[in-house]
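[1] generate a structure from the sequence data that follows.
(2 chains)
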Amino acid sequence: MKQVSFYYSTKLTFDDYVHDHSFALRIIPPETETQKITACNLNISPYVSTQQTKDAFGNNVTAGYLKGDHRFLDFEIKGTARTDCTKHRTDYMPCYLYPSEYTKPDGELKEFYGEIKSKCTGTVQDRAEYLCDTLSDVMEYQKGATDTATTAADAFGLKKGVCQDFSHILISLLRLDGIAARYIAGLAFCNGETHSWVEYWTGDHWEGIDPSNNCCVSDDYLVISQGRDFRDCAIDRGVMFGNHTRQLQLVRSVLT
Amino acid sequence: MKDIRQEQFTKAVGNAAEINELLRRYGVKFGIYKNGVFNEQFFPFDPIPRVISAEDFKSIEKGLVQRVNALNEFLFDIYHEKKIVKDGIIPEDFIYISKGYLAECEGITPKNKIYSHISGIDLVQAKDGVWYILEDNLRIPSGASYPLIARELTRIAAPQAFEENEIVDNRGYAQLLKETMEHANCGGIRAILTSGRYNAAYFEHSYLAENTGSVLVQNDELFVEDNILYHRTYSGGKTRIGVLYRRISDEFLDPLTFLPESLIGIPNLMEAYRSGNVGIVNAPGNGVADDKGIYYFVPKMIKYYLGEEPILKNAPTYLPFYEQDMRYVMDNLEKLVIKDVAEAGGYGVVFGRDLTKEKLEEFRKTIIAEPRRFIAQEVIDFLDLPILDNGETVMRKADLRAFVLSGETTRVWASGLTRFSRNPDSFVVNSSQGGGFKDTWVLKEKE
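    Take a look at the predicted model:
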């Protein structure tokens, strides 16, 4: 068990006024068996009235609508939590066993799985760890080679990527191996940015695994959202109107 | 007896030209996309009505109510406990590989647990008189306005036909629809959402809005604030919408939940819906129940949820997914009709007998490679109906789209859209494939 503090902020700036701006944030960490949220405070500027719901995957959604002209949207969350990875989450959904938009394997990924399949044996945990090992042997962690729209198949073709790509590829392999797996977006200790990792279903609970660092998930990880892949977990999604041509996004996150 | 009525009617109408001229003048059209080009086509009307006896209609009605009730139970089950999968009635794969299954809708309970408010069920009558279900349309079935307006016009062109024949009045559809929408209303006005005049059924959207007292809206007039859906008024104010009869597909409905690139959706509509602040007619996620692969299981659903024997039959269907069925399909491909489960509107329907030897072999390989993508059905030798072709009566294939509305109770509209193929060799009657339509007369019960 560990007491952690978390902080995350995004500053969105537009080069011209925008209006009728609807947004949905998945930024408030969920209260689960493995993490108790002891304090949490969300600030949004400019002031806007918001509503909270829980989506199909168990994420906290904060929805808002900024009608008038504005040139920026900032949101900031800080709080404290008690993490305990010896406890287990059991919120299973069958859809986690099937390919999703970002994790659908292509021929190359299927072929790769076909080659290593015979060595992927033992318990679910053994198989998951084997797949994670194999993946870190062939993939190189490199920023800038991929972006948020890159699929598992595309990143695997490049053999390069960041945590999002590592997670997508591992999910794809796990699902090919008949193991249900989900994407986790969150904050991790050693990391100055938002992080992502994977949870696989052992048959009775979820177990966390971090393919970018090829290690198990510890109390140094705080879950913010979960889903079939990145698309279900996007921290902020928005639609706005205006003549702006560019938006600048500055993100800062800390977990201590 | 039926023939006498039709003859009388044909005589009464004289010929179709007058009504078709009226339809043209009223702008009854059907939009079609072909090779990326949008065309508004005239949907040809045939003056010889299809006549359904009171007795026949009664049994169809019972069967349709039963079927739609089971489908609504199924949708609630799939998005909650999934008992039908756990009990082994439907293999899990069929649910989660279906494009119509939307994980985003898990756990949402629409008002009164009704998912399919307006169901368009396609039937055909075989030569032996037995009715078969061809497919269920539980997403946004269109076509109800065509028989409505056709009836209006034939009343003008041939009023005596309605004096001489005991026909159930079908003009109550708008009232039925209005009651159905009201039953799903979570507090506010009724609205019909259209993607605009380039939608294939725009004519119908405006017709139904006018006749149900709903506002016809496009997405830029709507917004969600505090998880409540509002209509922007001209004076700069806002009116709360309690029920939205949307005529756009699920994936375009809310860019913050589904396709981010959708320009015709309403951001955060799904949050308002999940919070129970607005009813969506029909519910998003219904595609899992009218998937061509799930069709096979509907008779099983009726037994499972209702404990009843299905009143209406499915066409004999095979799933290549099952080994035994695959063998049958491979052995009989040239006499079966194969449907691609991902396609709609008569696209992706292939008759084995129309294929050359090479094409048949090619198709065989495709089915083996992707067994889940196809269903195979026996070709039902369905009843030909008379239509007028340049003044002569010829016989053509026709089906019936029945409209079933689920509100306080489940009711079948005593009419429907009879579509026919204008091509004498074709079984495909979809309006998007250039077919025509007839009025459907349901006869009154004799006192």
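
[2] next, the buried residues of stretch B:178-192.
    For stretch B:178-192, burial by neighbour count (16 or more other C-beta atoms under 10 Å in any protein chain shown) applies to B:178-181, B:183-186, B:188-192. For glycine as for every other residue, the C-beta is placed from the backbone atoms N, C-alpha and C.

[3] which of these lies closest to A:Asp210?
    Of all those, A:Asp210 sits closest to B:Cys186, with 43.0 Å by C-beta to C-beta.

[4] give me the secondary structure label for the closest one.
    coil (DSSP: H, G, I helix; E, B strand; the rest coil).

[5] check it and give its pLDDT.
    At B:Cys186, the predicted lDDT confidence score is 98.

[6] counting by contacts, list what the longest helix along chain B packs against.
    When secondary structure is assigned using DSSP state H, the longest helix within chain B turns out to be helix B:54-78. Applying 3 or more C-beta pairs under 8 Å, 6 or more residues apart in numbering or on different chains; DSSP states H and E, one finds that helix B:54-78 contacts helix B:83-86, strand B:118-125, strand B:131-137, helix B:298-301, strand B:392-406, strand B:410-412.

[7] chain center to the helix or strand just after the third one: distance?
    Using DSSP states H and E, the helix or strand that directly follows strand B:131-137 along the chain is helix B:145-157. What separates the centre of helix B:145-157 from the centre of its chain is 20 Å, taken as C-alpha atoms, centre = their mean, to the nearest Å.

[8] can you check stretch B:269-284 too?
    21 Å.

[9] and it, what's buried?
    Going through stretch B:269-284 with 16+ other C-beta under 10 Å, the ones that come out buried are B:269-275, B:277-284.

[10] sort out for me which of the residues you listed are in strands.
    Among those, the members falling in strands (DSSP state E) are B:Gly279, B:Ile280, B:Val281.

[11] now the angle from the longest helix of chain B to strand B:392-406?
    Compare the direction of helix B:54-78 with that of strand B:392-406 by axes from the mean of the first three to the mean of the last three C-alpha atoms, to 10 degrees and you get 50 degrees.

[12] that older thread, closest one of the buried residues of stretch B:269-284 to B:Pro310?
    The nearest member of these to B:Pro310, counting by C-beta to C-beta, is B:Asn282 at 22.2 Å.

[13] enumerate the residues of chain B near chain A.
    With C-beta under 8 Å from any C-beta of the partner chain as the criterion, chain B comes near chain A at residues B:82, B:85, B:92, B:95-97, B:101, B:103-108, B:223-227, B:255-257, B:260, B:267-268, B:271, B:274-275.

[14] isn't B:Tyr296 up against B:Pro320?
    No. Under the contact definition of C-beta atoms under 8 Å, B:Tyr296 does not touch B:Pro320, with a separation of 11.1 Å.

[15] residues shared between the contacts of the two?
    With contacts taken as C-beta atoms under 8 Å, 6 or more residues apart in numbering or on different chains, the residues that reach both B:Tyr296 and B:Pro320 are B:Ile375.

[16] excluding its backbone neighbours, what's nearest residue 239?
    Looking at chain A here, since you left the chain open. Using C-beta to C-beta, 6 or more residues apart in numbering or on different chains and skipping the chain neighbours, the partner closest in space to A:Val239 is B:Pro267 (4.4 Å).

[17] oops, I was thinking of chain B
    Once its chain neighbours are removed from consideration, B:Thr239 has its nearest residue in B:His231; the separation is 4.7 Å (C-beta to C-beta, 6+ apart).

[18] return the backbone torsion pair for the one you found.
    phi -100, psi 130 (degrees, to the nearest 10).

[19] would you list every one of the helices in the chain?
    Chain wasn't specified; assuming chain A. Listed in chain order, the helices of chain A (DSSP H) span residues A:107-116, A:124-138, A:152-158, A:163-176, A:230-233.

[20] my question was about chain B, not that one.
    Along chain B, the segments classed as helices by DSSP H run B:2-13, B:17-26, B:54-78, B:83-86, B:92-96, B:145-157, B:159-164, B:173-183, B:202-212, B:269-274, B:292-295, B:298-301, B:323-332, B:357-369.

[21] sorry, back to before: might you report the residue contacts of the residue nearest to B:Thr239?
    Listed by C-beta under 8 Å, 6+ apart, the contact partners of B:His231 are B:Ile189, B:Ala191, B:Val215, B:Val217, B:Glu221, B:Leu222, B:Lys238, B:Thr239, B:Arg240, B:Ile241.

[22] please redo it, this time with the cut-off set to 10 Å
    B:188-189, B:191, B:215, B:217, B:221-223, B:237-241, B:244 (C-beta atoms under 10 Å, 6 or more residues apart in numbering or on different chains).

[23] equivalent analysis for A:His88, please.
    A:His88 makes contact with A:Thr32, A:Glu33, A:Thr34, A:Thr202, A:Asp204, A:His205, A:Trp206, A:Glu207 under the criterion C-beta under 10 Å, 6+ apart.

[24] which single one of those is nearest to A:Phe72?
    A:Thr32 (32.6 Å).

[25] hang on, the earlier thing: in JSON lines: the helices of chain B, plus distance to A:Cys216 and mean pLDDT.
    Putting the helices of chain B into JSON lines (distance: least, C-beta to C-beta, whole Å; pLDDT from 0 to 100) gives the following:
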{"stretch": "helix B:2-13", "distance to A:Cys216": "75", "mean pLDDT": "54"}
{"stretch": "helix B:17-26", "distance to A:Cys216": "69", "mean pLDDT": "68"}
{"stretch": "helix B:54-78", "distance to A:Cys216": "34", "mean pLDDT": "97"}
{"stretch": "helix B:83-86", "distance to A:Cys216": "31", "mean pLDDT": "98"}
{"stretch": "helix B:92-96", "distance to A:Cys216": "28", "mean pLDDT": "92"}
{"stretch": "helix B:145-157", "distance to A:Cys216": "60", "mean pLDDT": "81"}
{"stretch": "helix B:159-164", "distance to A:Cys216": "77", "mean pLDDT": "79"}
{"stretch": "helix B:173-183", "distance to A:Cys216": "52", "mean pLDDT": "96"}
{"stretch": "helix B:202-212", "distance to A:Cys216": "55", "mean pLDDT": "88"}
{"stretch": "helix B:269-274", "distance to A:Cys216": "34", "mean pLDDT": "98"}
{"stretch": "helix B:292-295", "distance to A:Cys216": "39", "mean pLDDT": "90"}
{"stretch": "helix B:298-301", "distance to A:Cys216": "43", "mean pLDDT": "98"}
{"stretch": "helix B:323-332", "distance to A:Cys216": "41", "mean pLDDT": "95"}
{"stretch": "helix B:357-369", "distance to A:Cys216": "39", "mean pLDDT": "92"}
